[in-house]
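A.B. asks: need a 3D model of the sequence below.
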Amino acid sequence: MPGQTNILAGWDHLREPLIPQALEGMQIMKFGIPKWPLTILGGFFVILLYCLFTFSSWALYPFPYSPMTNYLSRLGDLVYSPLGGNFYNAGCILTGIALVPFFIGLYALYADSLVEKILMIVGQVLGLCSAVALTMIGVFSEDTGAPHMLASAVFFELLFAVMILVSLALFFHPGLMKAIALYGLVIAVSDLVFSFLVGGPLVEWYAVFTALGFVALVSLSTSRTTGMTFRQTILRLYDKGHFALWGIAASVTGLVFILGAMIPYSGHNGEAYSVFNHFVSELGEIGISEAAMLFNVGLVLAGIAFIPFMIGLGLYLDSRFYVAKLAAAVGVFSSIAIIFVGIFPMNFIAQHRLSALSFFFSGMIMTGLWMIAILLQRTPRVHKLISLVGLVNVVVFAAFIFGNYGTYDIYVDRPPFWWTTTLEWAIYFAIIGFLLLMALYICRRERGNPTP
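C.D. replies: Model (predicted):
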């Protein structure tokens, strides 16, 4: 039951590549990826995602809820809270993913002491395992019973060990790190003492949010150590050397997670999946689609990754009449709509329909605006022929939204070919293709013509 404890230990920035020679051979250095301060960036996302999704799930919990009497995992119980549970579980999965760069980035705090390096490396390895365990807490919600209990137990034990190891390792780091290390040790020990002497849900809440405080302290300390402020870190998401990478990552995530969910699919009547007569969202229907979690998590991840891409693209395209800025704003809205399509699968039909319609209408407007923005560039940065792909998107969106292709009961008389579902899949491939094409073009352009 304890859903989270000592959730987050210290992780730090990334200023030098883990394998410099290999990265240089891959020419990734030109995009500056190895210089990203992962702790500052990751700390922001860990705290934001966990708090946002946890308190959203609390707001949607249909019964009286209190940290004095309820464990965190109860927020993700789909029996008690069918609607809010999706928020909490998605938050655990996303936070677990965000923990990965934290632990990888800890290598930047290696000191000269061999003991410190050993402590930190072991802490990193166990930390990565704990990130997987936290993700599994979201995958296996409280109502699944044994799998959730196992994931929670593993997460608690690993995070306690990580907190101790990382805090001890930080004592070898100069400056403020000793104070942060002391905080981490006090939190870890007090968690253990309170668990034995007091127990109950309140101890879990204490452990989680004091650990989030540890993340904040390490992130702020990293900012001082590296000389890179939080503002500089966030701006790096959108600069012309990096934002296109988010578009590539989002597109690839959408392709792998969504198309991957097709493979094991078996429908209501045992039929295999077909893009010609199945809606895209049927891949995320819990209880029917075997890989529903893969599909829904993929949508959330893709939506999140598209946000910095949209903002960066709006700043990158110098178009007349602020068309690119407007396209970016609509693009961010569309990305958020994608996230909510993943959070609310077809099982929550009202919320799902609202999210999906928001995406379809905003997606049509967004692709049209990007098409116009490309044509109205003051300084050519994206080839104007790419605007034709935007035009194709607008046509496909309009055909899907405004066309009338008959109504069928998908449980009884699903036709072998249905224009509605086929056009919906055409939208999927068209918009992914359009955004991926722009991202790849910009990546290649900036790589071949690096400018300060």
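A.B. asks: and Phe279, backbone torsions?
C.D. replies: For Phe279, the backbone dihedrals are phi -70, psi 150 (criterion: degrees, to the nearest 10).
A.B. asks: swap in Ser319?
C.D. replies: phi -100, psi 160.
A.B. asks: avg pLDDT for the helix or strand where Gly298 lies?
C.D. replies: Taking DSSP states H and E as the criterion, Gly298 maps to helix 292-316. Helix 292-316 shows a mean pLDDT of 93 in the predicted model.
A.B. asks: make 33 the starting number, not 1.
C.D. replies: Got it, the first residue is 33 from now on, which makes the last one we talked about helix 324-348.
A.B. asks: contacts for the next helix-or-strand element following that helix?
C.D. replies: Sequence-wise, the next helix or strand downstream of helix 324-348 (DSSP H and E) is helix 355-375. For helix 355-375, the external contacting residues (CB atoms under 8 Å, 6 or more residues apart in numbering) are 118-119, 122, 313, 316, 327-332, 334-336, 338-339, 341-343, 345-350, 383-384, 387-388, 390-391, 394-395, 397-398, 401-402, 404-405, 408. C-beta: built from backbone N, CA, C; applies to glycine.
A.B. asks: filter those down to the buried ones and hand me the PyMOL line.
C.D. replies: Filtering the contacts of helix 355-375 down to the buried ones (16 or more other CB atoms under 10 Å) takes a single PyMOL command:
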select buried, resi 118+119+122+313+316+327+328+329+330+331+332+334+335+336+338+339+341+342+343+345+346+347+348+349+383+384+387+388+390+391+394+395+397+398+401+402+404+405+408
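A.B. asks: how about the residue lying closest to Leu326 once chain neighbours are set aside, what does it touch?
C.D. replies: Leaving aside its chain neighbours, Leu326 sits nearest to Ala293 (5.0 Å; criterion: CB to CB, 6 or more residues apart in numbering). By CB under 8 Å, 6+ apart, the residues touching Ala293 are 315-316, 321, 323-324, 326-327, 330.
A.B. asks: do that again at 7 Å, thanks
C.D. replies: Ala293 makes contacts with 315, 321, 323, 326-327, as judged by CB atoms under 7 Å, 6 or more residues apart in numbering.
A.B. asks: how near is Val78 to Ala130?
C.D. replies: 5 Å (CB to CB, to the nearest Å).
A.B. asks: er, Trp278 actually
C.D. replies: 15 Å.
A.B. asks: so the two - more neighbours on which side?
C.D. replies: Each of Trp278 and Ala130 has its neighbours counted (other CB atoms under 10 Å); Ala130 has more, 26 against 22.
A.B. asks: and the helix or strand hosting that one, average pLDDT?
C.D. replies: Here Ala130, judged by DSSP H and E, is contained in helix 116-137. Helix 116-137 carries an average pLDDT of 90.
A.B. asks: pull the residues that contact that helix.
C.D. replies: Contacts of helix 116-137 (CB under 7 Å, 6+ apart): 40, 43-46, 70-71, 74, 77-78, 81-82, 85-86, 88-89, 92-93, 107-110, 156, 159-160, 163-164, 166-167, 169-171, 173, 329, 332, 375-376.
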